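# Just need the structure, nothing else, for what follows:
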Amino acid sequence: MLEKAEGIVLRTINYGESNVILTLFTREFGKVAVMARGAKKTRNRFRSVSQPFVHGIFLYYKGRGMSTLNQGDVLHSFPDIRQHIVRMSYAAYMAELLEKTVEEREKNPYLFELFLTLLEQMEFGHDPEVLTSIFETKMTLQAGIQPELTKCVCCGQTDQIVSFSVKEAGFLCKRCTDQDPYAIHLHPKTIHLLRLFLHIDVQRIGSISLQKETKEELKRVMDAYYEAYGGFALKSKRFLDQLEKWNW
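Prediction:
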């Protein structure tokens, strides 16, 4: 049975001497693994679509086991991302986070459009660290671990929010923050951005420029939160953290 889907390559794995297994995230069918036979060969017709982050149209045979790629047409290859190690590292982290949090053939057009739009904005030169923070915040819903960002998680107060509690999974107000000695105290701008990132339509945002201190606070919150509740270890995240240390 032939299936046709618009997809983005999340991951590639070499298989044998010349084959490549592609993990696609498709608009129509969610996450799908396909075998691109001979894709490692220089003149093979699948070589161009068997690269990370390639956005294309894929036609493949769906069988009982691994699907087999029949045809692939590139819509956008995102060359600026793949040729720039920092952008590529952030994109790889987003791709792995997406792959880990969606099930096989779990259709989710919203997530497809979200990931594609962020790749496009990264290609245009928007700050990859900010785009990744937006993605991480939104993906808490997909992962089933969305924190309480509208009010104090303890008393329900919406005013005087001053910190984020990993333990309580949400914001704490000034009165309740002493209940968690490990609560992360946040600047008001960081509190605003976490709320904004959770609900913002990424197709309507322009380039967001943030100070280093603000980005560090956002990273501290998301790193601690995913470490506590994510339930998975990502190779791309370890590399990205090391890369950030080198750049700083």
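# Would you check that Thr190 makes contact with Lys215?
No: with contact defined as CB atoms under 8 Å, Thr190 does not reach Lys215; the gap is 9.3 Å. Where C-beta positions appear, they are placed from N, C-alpha and C, glycine not excepted.
# which of the two has more neighbours?
Taking other CB atoms under 10 Å, Thr190 and Lys215 do not tie; Thr190 has more neighbours (21 against 18).
# Contacts only, for the most centrally placed residue in the chain.
Centrality entry for the chain: nearest residue to the mean C-alpha point is Met94, 2.6 Å, by CA atoms, centre = their mean. Contacts of Met94 were listed using CB atoms under 8 Å, 6 or more residues apart in numbering, and they are Phe115, Leu118, Leu131, Thr132, Phe135.
# In this structure the last one contacts Leu97, no?
Pointing back at Phe135 there. Yes: in this structure, Phe135 is within contact of Leu97 by CB under 8 Å, at 7.2 Å.
# Arg47 contacts Ala39, correct?
Yes: the criterion here is CB under 8 Å, and Arg47 meets it with Ala39 at 5.5 Å.
# Who has more neighbours out of those two?
Ala39 (24 against 16).
# So which other helices or strands are in contact with whichever helix or strand Thr190 is part of?
Assigned by DSSP states H and E, Thr190 falls within helix 188-199. When contacts are defined as 3 or more CB pairs under 8 Å, 6 or more residues apart in numbering; DSSP states H and E, helix 188-199 sits against helix 128-142, helix 212-229.
# Tell me where this structure has helices.
In the chain, the helices defined using DSSP state H lie at 79-82, 85-101, 109-123, 128-142, 188-199, 212-229, 235-247.
# Neighbours of Asp127, how many?
Asp127, neighbours per other CB under 10 Å, totals 17.
# measure it to Phe197 for me?
Distance of Asp127 to Phe197, computed by CB to CB, to the nearest Å: 13 Å.
# Likewise for Thr12?
29 Å.
# Just want to know which of those two has more residues nearby.
Shown here are Thr12 and Phe197; by other CB under 10 Å, Phe197 has more neighbours (21 against 17).
# residues in contact with the more buried one?
Phe197 touches Ser133, Ile134, Thr137, Lys138, counting by CB under 8 Å, 6+ apart.
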